[in-house]
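S.K.: For reference, the sequence and a predicted model appear below.
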Amino acid sequence: MKINKLRYLSAAAGIAAVVAGGVAIAPLASADMSTSTRAHVVDQHAKTFELVGKQTSIEDLDLGRAGISPGDQRVIHEDLYRDGEKVGDHSVVCTYTHVDPAALQCLGTFSLPEGQFAAQALLHLPAPSYVDVGITGGSGDYRNARGFVRTVPAGDTERHFTVHLKR
């Protein structure tokens, strides 16, 4: 079966853009199910926030054999926005690790005023309607970062992100 390179790389771009960062705005609450009162405990280090990523550049690299082959890459840069204001940017590189079925290893780094954090995922295509990507670490205020980012495509060059961050 011949794979349509543009179709799969476009899908990968949407998912790759998943690993975004931003300024935390709302704490997460979790229920303590061990008590009969179901008291809520707030984790002072857990934050959830929404961002919009707008693609500013994209480049497909056909490395090795012509057409899609292991090692081919897609490189993406996006500006990150919250409430219409630019709050940072991020870059991501996705590398094909398998062709049929398609699988890509995506690594992203996000730069914000408080520092940077990174995330990664092994993506299988065709892509689902959303993807959760693991946060793997960071620097500055994000030096102990962990959690995940949920990404939902909103067109060809825009992504909506919900970041679930623990620092």
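M.R.: Great, that's in hand.

S.K.: Show me where this structure has its helices.
M.R.: 5-16 (DSSP state H).

S.K.: And the strands in it, which stretches?
M.R.: Using DSSP state E, the strands of the chain run over 26-31, 40-61, 73-82, 85-98, 103-112, 115-124, 131-138, 146-153, 158-166.

S.K.: right, so of those strands, which gets closest to Gly67?
M.R.: Nearest of these to Gly67, taken as CB to CB: strand 85-98 at 10.6 Å. C-betas here are computed from N, CA, C, even on glycine.

S.K.: for the chain, what helix or strand is lowest in average pLDDT?
M.R.: Least confident helix or strand, the chain: strand 26-31 with a mean of 28, by mean pLDDT, DSSP states H and E.

S.K.: re the thing from before, same list (the strands of the chain) but as CSV, adding mean neighbour count.
M.R.: CSV is the format used below for the strands of the chain (neighbours: other CB atoms under 10 Å):
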stretch, mean neighbour count
strand 26-31, 11
strand 40-61, 15
strand 73-82, 19
strand 85-98, 18
strand 103-112, 21
strand 115-124, 20
strand 131-138, 19
strand 146-153, 20
strand 158-166, 20
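
S.K.: Can you flag the weakest of the ones you listed by average pLDDT?
M.R.: Mean pLDDT across the strands of the chain is lowest at strand 26-31; the value there is a mean of 28.

S.K.: In contact with Tyr96, which residues are there?
M.R.: With contact set as CB atoms under 8 Å, 6 or more residues apart in numbering, Tyr96 has these partners: 68-73, 102-104.

S.K.: Mind putting those residues into a markdown table with distance to Ala127?
M.R.: As requested, those are exported to a markdown table (distance: CB to CB, whole Å):
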| residue | distance to Ala127 |
| --- | --- |
| Ile68 | 15 |
| Ser69 | 20 |
| Pro70 | 19 |
| Gly71 | 20 |
| Asp72 | 17 |
| Gln73 | 17 |
| Ala102 | 10 |
| Ala103 | 11 |
| Leu104 | 10 |
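
S.K.: and of those, the nearest to Cys94?
M.R.: Nearest to Cys94 among the contacts of Tyr96, with distances taken as CB to CB, is Leu104, at 4.4 Å.

S.K.: From Val133, how far off is the closest one?
M.R.: Per CB to CB, to the nearest Å, Leu104 is found 12 Å from Val133.

S.K.: and what of Gly147?
M.R.: Distance from Gly147 to Val133, counting by CB to CB: 10 Å.

S.K.: Repeat that for Leu107.
M.R.: In this view, Leu107 and Val133 are 10 Å apart by CB to CB.
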